[in-house]
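> what's the 3D shape of this:
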Amino acid sequence: MSISNIRQLDSFTLCPKDMTHADIPHLHELSVAVGWMHRAQDWATVLELGEGIFLSDEIGRPCGSAMWFPMSDDLAMLGMVITTPRLQERGAGRWMMEQILARTGGRDLALNATRAAFRLYLALDFQPGPKVWQRMGLVSAIPEQSPRTRPMCNTDHAAIHDLDSRAYGTNRHTAIELFLRQSTGTVIEDAGRITGYSLCRRFGRGHVVGPIVAATAQDAAALAAPHIAHHHGSFLRIDTQETEGPFIQMLTDCGLAARDTVTFMSRGRKRICDPSAHVFALANQAVG
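Presented below is the predicted three-dimensional model:
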């Protein structure tokens, strides 16, 4: 899908191009300017999973970005949508989203909307769902460890893919393979069957725990606990739709307070998920 060579917004001439890894220094500069904590390495990760548009002005300053991620043949996530403050009210975000939507091939769509972009996505027919809470901070306490968990090993990966597919309602094999390579993992195994898993990897100012998929909130707490303990005294982040219960209580007790929210939004069919495999934490906001 081609994009037009220039875009005139009032007095600004914008030059759009398809993102490449060579753009990472400028993309990192853009995300820092709006207060996002992504490192250059985090941009490299999302570029492995998707594709997008990068906007710069006539003298090469970064002005905007938008990406889409083909999770499967029937579902795409949208994310990494940034416009500089001077362009937010001039239609740059909508123009980028229209370009991205044209590439998604009729897939069902989902995203996690910041407050600044919420009205734009409503105008593009996305329906709002639950809020996602960004819980983060320096780990201040070591949670109780459960004897039901064990470290993940390579032979667990097939079961992890199956569990994740049931939890998300689609097989996002490529994304999970990448996160498995980047992460340490914990699982719960009952009677020889993996019933829960969690991953922890380097991200932003420290580490992020996610995804966490489990049958119950108690299991989610047990799966997160080894990662939280390992990072005692360090910065940790967990993105979750949960607002109460033992999982949230453990995060609060360990210093991971709710700092901000985004809103899950979708367009298309409702995903059918296995109620015994619940998503307690996202991998990240871009890919869910």
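
> what's the strand or helix carrying residue 179 packed up against?
Residue 179 is part of helix 173-182 when elements are defined by DSSP states H and E. Packing partners of helix 173-182 (3 or more C-beta pairs under 8 Å, 6 or more residues apart in numbering; DSSP states H and E): helix 40-49, strand 62-72, helix 157-168, strand 193-203. Any C-beta I mention is one placed from the backbone N, CA and C, and that applies to glycine too.

> so this structure: which segments form each domain?
Using automatic domain parsing, the domain ranges for the chain come out as 7-106, 135-281.

> can I get the ones you listed in CSV including distance to residue 288 and mean neighbour count?
Shown next, in CSV, are the domains of the chain (distance: least, C-beta to C-beta, whole Å; neighbours: other C-beta atoms under 10 Å):
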stretch, distance to residue 288, mean neighbour count
domain 7-106, 6, 18
domain 135-281, 7, 18
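
> hey, least reliable of those domains by pLDDT?
The weakest mean pLDDT among the domains of the chain belongs to domain 7-106, with a mean of 86.

> mind listing the helices for this structure?
All helices of the chain, identified by DSSP state H, fall at 24-33, 40-49, 92-101, 118-123, 157-168, 173-182, 217-230, 246-253.

> and the contacts of the second one?
Residues from elsewhere that reach helix 40-49 (C-beta atoms under 8 Å, 6 or more residues apart in numbering): 19-21, 24-25, 27-28, 31, 67, 69, 79-80, 174-175, 178, 182, 202-204, 284, 286-287.

> coming back round to it: can you list the helices and strands packed on helix 173-182 in TSV and add distance to residue 276?
Conversion of the helices and strands packed on helix 173-182 to TSV gives the following (distance: least, C-beta to C-beta, whole Å):
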stretch	distance to residue 276
helix 40-49	27
strand 62-72	21
helix 157-168	8
strand 193-203	8
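
> so which of those is nearest residue 137?
Of all the helices and strands packed on helix 173-182, it is strand 193-203 that lies closest to residue 137, at 14.3 Å by C-beta to C-beta.

> quick one: strands adjacent to the closest one?
strand 184-190 (antiparallel), strand 206-214 (antiparallel) (DSSP bridges).

> so what's the closest residue to residue 73 other than its chain neighbours up against?
Nearest residue to residue 73 in three dimensions, chain neighbours excluded: residue 107, at 7.5 Å (C-beta to C-beta, 6 or more residues apart in numbering). Applying C-beta under 8 Å, 6+ apart, we find residue 107 in contact with 70, 73, 74, 75, 76, 268.

> for those residues, which two are the farthest from each other?
70 and 268, at 13.8 Å, using C-beta to C-beta across these.

> which residue sits closest to residue 200, ignoring its sequence neighbours?
residue 227 (4.0 Å).

> ok, so what distance separates that neighbour from residue 253?
Separation of residue 227 from residue 253 (C-beta to C-beta, to the nearest Å): 15 Å.

> for residue 196, same thing?
Relative to residue 253, and taking C-beta to C-beta, residue 196 is found at 20 Å.

> understood, closing this out.
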